[in-house]
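>>> How does the following fold in three dimensions:
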Amino acid sequence: VQLVESGGGSVQAGGSLRLSCVASKYTHMYAWFRQAPGKEREGVAAIRSNGGTSYASSVEGRFTVSRENTKNTLYLQMNSLKSEDTAVYYCAAGNSGALSGSLTPGAYTYWGQGTQVTVSS
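You can find the predicted model right below:
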């Protein structure tokens, strides 16, 4: 499965961005991760095949993950962005039903190349 992200860029604090990720084929579970310089990759949001979602506490209420199964596409709407949201954002996918909704990198098999999000204060 190939994953291609788009939608990253630079924005001022308080602004919004929408990331997209197109998969080459359907998978049961999707998630967004991010990695800032010098930090470990962290889970941001995950979505199950039934639409159930999970969020990191640092983004809950500001970010919304969604999926469009007919287009094999994942989205991340990011509002009220903060400077600490600056990172490379990665799309991830997998088919392990037992791990669906996980924000742990090891739960996912397929990864995109990443897209840079920079938030200036």
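>>> Could you use CA atoms for every contact and neighbour count after this?
Noted.
>>> Report the secondary structure state of the spatially most central residue of the chain.
Geometric centre of the chain, nearest residue: Trp32, 2.0 Å, by C-alpha atoms, centre = their mean. When classified by DSSP: H, G, I helix; E, B strand; the rest coil, Trp32 comes out as strand.
>>> could you say which helix or strand contains the residue nearest to it when sequence neighbours are not counted?
Of all residues not flanking Trp32 in the chain, Cys91 sits nearest, at 4.8 Å (C-alpha to C-alpha, 6 or more residues apart in numbering). Following DSSP states H and E, one finds Cys91 within strand 87-94.
>>> What count of nearby residues applies to Asn50?
The burial count assigned to Asn50 is 10, neighbours taken as other C-alpha atoms under 10 Å.
>>> right, and Gly43 touches Ala56 too?
Yes. When contacts are counted by C-alpha atoms under 8 Å, Gly43 is listed as touching Ala56 (6.6 Å).
>>> how about the strands in this structure?
Secondary structure of the chain by DSSP state E: the strands cover 3-6, 9-12, 17-23, 29-35, 42-47, 53-55, 63-68, 73-78, 87-94, 110-111, 115-120.
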